[in-house]
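Novice: Kindly return the folded structure for what I paste below:
(one chain, ligands or ions: 1)
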Amino acid sequence: MHQAAYDALKLPYRYVAVHVGRGSVGKALDRLAALGYRGVNVTVPHKEEALAWAAQADELSRRIGAANTLRLATKEATNTDAGGFLDTIQGLAGREATMLGAGGTARALAAVLPGAGYQVRVWNRTRERAMALADEFGLSVLEEPTVDADLVVNTTSAGLHGDRLPLDWSEARNGTVAYDLVYGETPFLTEAAARGLRTIDGQSLLVAQGARSFEWWLGLTPSREAMAEAIR
Ligand SMILES: NC(=O)c1ccc[n+]([C@@H]2O[C@H](COP(=O)([O-])OP(=O)(O)OC[C@H]3O[C@@H](n4cnc5c(N)ncnc54)[C@H](OP(=O)(O)O)[C@@H]3O)[C@@H](O)[C@H]2O)c1
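Specialist: Numbering: from 1, shown residues only. From the prediction side, this is the model:
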């Protein structure tokens, strides 16, 4: 996806994947810096370690407690998941949101949704985590999950394993938008589509957060179309 964006702008950069074990992120980042790499995207489960490595983390990544985008030479860190998510919901009607899940990605969304005018109600399988998240970011907690909202965003990893969530889709509004952060088909999205709802899958966020990383590193606007095409 990033390579497609570089190629579209005829930039002489390479984007490569590097596999790193837990606990070795800082060492790997120092090594990549020494080898001349300029920027790094970090994914689950390394985003907290990446933040700890940074010498200059911006306010957003500190608030979220995780960084996904780094500048190696200056040891700067930011988090583009949060702003990228907002990019993907621009123009949606209504400001009542249900957030399913209370893990790392839910934290990124919780950090920005209220500021974007959303009233957020959170449900999580493990209720204590939902309560802690709600306390920290000023959300309310749902005893039971509901799709009675303008936006229902599934931040759980249930769909990765084909697991369904205990949702009653008859509670949905006609304009409810169902958004799953997992890429591609999931039981959540299949059920929402069967109810006739608009659905968004995780590829949108993948492109949006990647485009924001690109802009942060290079100060250039990538072709989001080229990036989306590359992951199709
Ligand atoms: N599209 C993108 O660009 C993008 C970006 C970031 C993340 N993601 C995706 O977002 C998902 C969450 O990532 P994360 O970093 O937040 O993970 P995480 O910190 O491990 O949190 C996982 C969450 O899923 C819940 N969960 C897992 N299995 C479940 C099930 N069978 N039923 C109900 N709840 C379940 C967990 O609940 P408990 O607290 O009860 O365990 C927890 O709330 C992943 O699938 C990841 O691939 C996508």
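Novice: residue ranges for the strands of this protein, please.
Specialist: Assigned by DSSP state E, the chain shows strands spanning 39-41, 56-57, 69-71, 76-78, 96-100, 119-123, 140-141, 151-154, 177-180, 198-200.
Novice: State the mean pLDDT of the longest helix along the chain.
Specialist: Longest helix in the chain, counting residues (DSSP state H): helix 203-218. Per-residue pLDDT over helix 203-218 has a mean of 98.
Novice: check contacts around Val112.
Specialist: With contact taken as CB atoms under 8 Å, 6 or more residues apart in numbering, Val112 is in contact with Leu60, Ala82, Gly83, Phe85, Leu86. No exception for glycine: its C-beta is placed from N, CA and C like everyone else's.
Novice: same deal with Thr43?
Specialist: Thr43 touches Asn68, counting by CB under 8 Å, 6+ apart.
Novice: count of neighbours near Asp168?
Specialist: Under the neighbour criterion other CB atoms under 10 Å, Asp168 is assigned a count of 12.
Novice: Dihedrals phi and psi, it?
Specialist: The phi/psi pair for Asp168 (degrees, to the nearest 10) reads phi -110, psi 100.
Novice: residues contacting it?
Specialist: Each residue near Asp168 by CB under 8 Å, 6+ apart is listed here: Thr146, Val147.
Novice: about what we covered before: nearest to Lys10, of the strands of the chain?
Specialist: strand 39-41 (18.5 Å; CB to CB).
Novice: Kindly provide the whole-number mean pLDDT of the closest one.
Specialist: Strand 39-41 shows a mean pLDDT of 98.
Novice: Stretch 77-94 now?
Specialist: So the average pLDDT for stretch 77-94 ends up being 97.
Novice: buried set for that stretch?
Specialist: Neighbour-count burial for stretch 77-94, counted by 16 or more other CB atoms under 10 Å, picks out 77-89, 92.
Novice: need these in JSON lines with distance to the ligand, can you?
Specialist: Listed next are the buried residues of stretch 77-94 as JSON lines, based on distance: CB to the nearest ligand atom, whole Å:
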{"residue": "Ala77", "distance to the ligand": "16"}
{"residue": "Thr78", "distance to the ligand": "15"}
{"residue": "Asn79", "distance to the ligand": "11"}
{"residue": "Thr80", "distance to the ligand": "10"}
{"residue": "Asp81", "distance to the ligand": "6"}
{"residue": "Ala82", "distance to the ligand": "10"}
{"residue": "Gly83", "distance to the ligand": "12"}
{"residue": "Gly84", "distance to the ligand": "7"}
{"residue": "Phe85", "distance to the ligand": "8"}
{"residue": "Leu86", "distance to the ligand": "13"}
{"residue": "Asp87", "distance to the ligand": "12"}
{"residue": "Thr88", "distance to the ligand": "9"}
{"residue": "Ile89", "distance to the ligand": "13"}
{"residue": "Leu92", "distance to the ligand": "17"}
